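*Asks:* give me a model of this one.
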Amino acid sequence: MSNSTKSNDISVDISTKQNDITKTNSQSAEKEMNTVSQSIVFRAMVLFQVMAYGSYSVLVHLCERNGSIMFSSTTMNLILEIIKLAFSISILLIESTKTSIDLFNYKSWLRPSLPYAIPGVLYFINNNLAVYIQLQMDPASYQILSNFKIVTTAILYRLIIKQKLTRKQWFAISLLFFSGLFYSLGAISDPTKNDVTQKRRMYIRPLGLPMVFAYCTFSGLAGVYNEWILKKHYSESLHVQNIYLYTYGTLLNLIPSVGIPLLKSQSLSQLNIFKGFSIYTWLIIITQALNGLFMSVVIKHTSNIIRLFVISFSLVVTAVLSVLVFGLTLNIYFFSSFAAMTCALYLYYSK
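*Replies:* Now for the predicted structure:
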């Protein structure tokens, strides 16, 4: 046998072994994802996310005074990012001291962290945009238009992740979107008789529509791109990946949250970045910090499609809290939408 033939045989054998290893790693990752998604802890995290998403808008409205949001969105998001970053670093230090210390070496973490700068910027824009959109339209209009993130996320999920969805799954996503839209439209078409506050009147300022379109696009793109990075480096610790992402989030929110108040203050003694904060603001920070940490687990071990169902079912929590806090009366639109969402969930996961 010639040397060239032996060389070719060796190359083929190495290539075959590499393919087998890749296939084995892929199967192991898939098995781990299935195990995580079926655990009780995972389901508890998803349930908490539904509660966190559902309570967010109610808590924000409780922070409003005379139609204005009293706190700085960048300061709120800065504290959120710091909490998540501190938690991720603490857990990593406990689990692996050597790996954690390497993260503080500039040269060791800068290059691998660069891909996370993109979702960091997208989340920075999206999270702050979500607050300022409230000033451009009433809550009902925001609820209707923000449901379009379901469509943008599904489309971007197909384009970026390259994972095909069956017709039944597309139908389930469509049903999910229209059920949320139907619920929102029902809330508008059946207003309370005592319509004396601005939040109960329907209005959209000219800047509101492009802001919502940008919000839905950034939300979908940030979530899907982040999932792509997390799964591309699936063997890497989730805490390390979160540290990369939250570091950029902290830096991006730090500049405006400190810089803007500093420009408005005549001296450092007058600087107050926590101006307008209330107990409801801190509740938003705590719930959304946990929500962000839990969502990273959901995205890495399942998909962004789960996030869509979380967002849709959070409407139920919003409705219940609105009844308790604002005295909202539930109607047929609520119960019809809830039934449609349940059917969508069953259709998407049924084989």
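*Asks:* quick one: the nearest residue to Lys168 once chain neighbours are set aside from Ser39, how far?
*Replies:* In space, Lys168 comes closest to Leu347 once its chain neighbours are excluded; the distance is 5.7 Å by CB to CB, 6 or more residues apart in numbering. Placement of C-beta: from N, CA and C, glycine included. Taken as CB to CB, to the nearest Å, the spacing of Leu347 relative to Ser39 amounts to 24 Å.
*Asks:* what's the answer for Lys264, then?
*Replies:* With distances defined as CB to CB, the gap from Lys264 to Ser39 amounts to 48 Å.
*Asks:* next one: Thr166
*Replies:* 25 Å.
*Asks:* got the buried residues for stretch 56-67?
*Replies:* In terms of neighbour count (16 or more other CB atoms under 10 Å), stretch 56-67 has its buried residues at Tyr56, Ser57, Val58, Leu59, Val60, His61, Leu62, Cys63, Glu64.
*Asks:* distance between the strand or helix carrying Pro112 and the chain's centre?
*Replies:* Using DSSP states H and E, the secondary-structure element containing Pro112 is helix 106-113. Its chain's C-alpha centre lies 25 Å from the corresponding centre of helix 106-113 when counted by CA atoms, centre = their mean, to the nearest Å.
*Asks:* what's it packed up against?
*Replies:* With contacts defined as 3 or more CB pairs under 8 Å, 6 or more residues apart in numbering; DSSP states H and E, the packing partners of helix 106-113 are helix 97-103, helix 238-264.
*Asks:* to Gln136, which of these lies closest?
*Replies:* Of all those, it is helix 238-264 that lies closest to Gln136, at 19.1 Å by CB to CB.
*Asks:* what angle separates that closest one from helix 106-113?
*Replies:* Here helix 238-264 runs at an angle of 100 degrees relative to helix 106-113 (axes from the mean of the first three to the mean of the last three CA atoms, to 10 degrees).
*Asks:* now the element after helix 238-264, going C-ward?
*Replies:* helix 279-301.
*Asks:* which residues in the chain form helices?
*Replies:* With helices called from DSSP state H, the chain shows them at 3-37, 40-63, 73-95, 97-103, 106-113, 117-132, 139-146, 149-156, 167-189, 208-232, 238-264, 279-301, 304-326, 332-349.
*Asks:* any chance of those helices in CSV, with distance to Ile273 and mean pLDDT too?
*Replies:* CSV is the format used below for these (distance: least, CB to CB, whole Å; pLDDT from 0 to 100):
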stretch, distance to Ile273, mean pLDDT
helix 3-37, 38, 48
helix 40-63, 16, 88
helix 73-95, 5, 93
helix 97-103, 27, 55
helix 106-113, 26, 77
helix 117-132, 15, 92
helix 139-146, 26, 69
helix 149-156, 29, 83
helix 167-189, 34, 78
helix 208-232, 24, 90
helix 238-264, 5, 89
helix 279-301, 12, 94
helix 304-326, 28, 81
helix 332-349, 39, 81
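*Asks:* got JSON lines for these, with distance to Asn272 too?
*Replies:* Written out in JSON lines, the entries for these read as follows (distance: least, CB to CB, whole Å):
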{"stretch": "helix 3-37", "distance to Asn272": "43"}
{"stretch": "helix 40-63", "distance to Asn272": "16"}
{"stretch": "helix 73-95", "distance to Asn272": "10"}
{"stretch": "helix 97-103", "distance to Asn272": "32"}
{"stretch": "helix 106-113", "distance to Asn272": "32"}
{"stretch": "helix 117-132", "distance to Asn272": "19"}
{"stretch": "helix 139-146", "distance to Asn272": "28"}
{"stretch": "helix 149-156", "distance to Asn272": "34"}
{"stretch": "helix 167-189", "distance to Asn272": "37"}
{"stretch": "helix 208-232", "distance to Asn272": "28"}
{"stretch": "helix 238-264", "distance to Asn272": "7"}
{"stretch": "helix 279-301", "distance to Asn272": "14"}
{"stretch": "helix 304-326", "distance to Asn272": "28"}
{"stretch": "helix 332-349", "distance to Asn272": "41"}
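*Asks:* which ones are touching Ser350?
*Replies:* The neighbourhood of Ser350, defined by CB atoms under 8 Å, 6 or more residues apart in numbering, consists of Lys168.
*Asks:* let's see that with 7 Å instead.
*Replies:* Contact analysis of Ser350 by CB atoms under 7 Å, 6 or more residues apart in numbering lists nothing.
*Asks:* kindly provide the distance from it to Tyr56.
*Replies:* Going from Ser350 to Tyr56 by CB to CB gives 30 Å.
*Asks:* was I right to think Ala172 contacts Thr342?
*Replies:* No - taking CB atoms under 7 Å as the contact criterion, Ala172 and Thr342 are not neighbours in contact, 11.1 Å apart.
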